[in-house]
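Participant: sequence? don't have it. structure:
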């Protein structure tokens, strides 16, 4: 039988300590890692806020440009992740008079409710926008 020297014993001790530490860390932190990953997946969903607009027939191109500029100013609000203001071009003819849409994305409902909706830029846009509208439809969903 071979004798084990002090260096070999020290190396064996280090390997044992390494494996015990690895198992302990895995045992205590693995459930938290799973919770964090689930939280990241949940938080990766975006809240889509869609505003469909039916403008009054008296809307002029100058008015529409003011509304478009005002709509795009909403992206300055913290929490608005993506914004698009566009005209409907569907060939199906099912738009029921809604000619434009304003769509934006938020990471959380709190961003929409507590930051965006009461924000002065949004309030200013609403005051500009509403008098030119005949009807507005708002639809929000998680994606």
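Facilitator: Ah, there it is. Small disclaimer: the values here were computed from a predicted structure and weren't measured.

Participant: which residue is nearest the middle of this structure?
Facilitator: The chain has residue 107 as the residue nearest its centroid, 2.7 Å off, counting by Cα atoms, centre = their mean.

Participant: close enough to count as contact, it and residue 79?
Facilitator: Yes. Between residue 107 and residue 79 there is a contact under Cβ atoms under 8 Å: 7.2 Å. For glycine as for every other residue, the C-beta is placed from the backbone atoms N, C-alpha and C.

Participant: who's in contact with residue 137?
Facilitator: Shown in contact with residue 137 (Cβ atoms under 8 Å, 6 or more residues apart in numbering): 51-52, 98.

Participant: with respect to residue 85, which of these is nearest?
Facilitator: Closest approach between the contacts of residue 137 and residue 85, by Cβ to Cβ: residue 51, at 9.1 Å.

Participant: identify the bridge partners of the closest one.
Facilitator: Beta-bridge pairing of residue 51 under DSSP bridges involves residue 102, residue 138.

Participant: just the pLDDT for it.
Facilitator: What the model reports as pLDDT for residue 51 is 97.

Participant: again with the one 5 residues further on
Facilitator: For residue 56, the pLDDT comes out at 97.

Participant: and the helices in this structure?
Facilitator: 6-43, 61-73, 109-110, 120-129 (DSSP state H).

Participant: where among these is average confidence lowest?
Facilitator: Looking at the helices of the chain, the bottom one is helix 6-43 with a mean of 74.

Participant: please name the nearest non-neighbouring residue to the residue nearest to the centre of the chain.
Facilitator: Excluding the flanking residues, the one nearest residue 107 by Cβ to Cβ, 6 or more residues apart in numbering is residue 81, at 6.1 Å.

Participant: okay, now the domains of the chain?
Facilitator: 1-43, 47-142 (automatic domain parsing).
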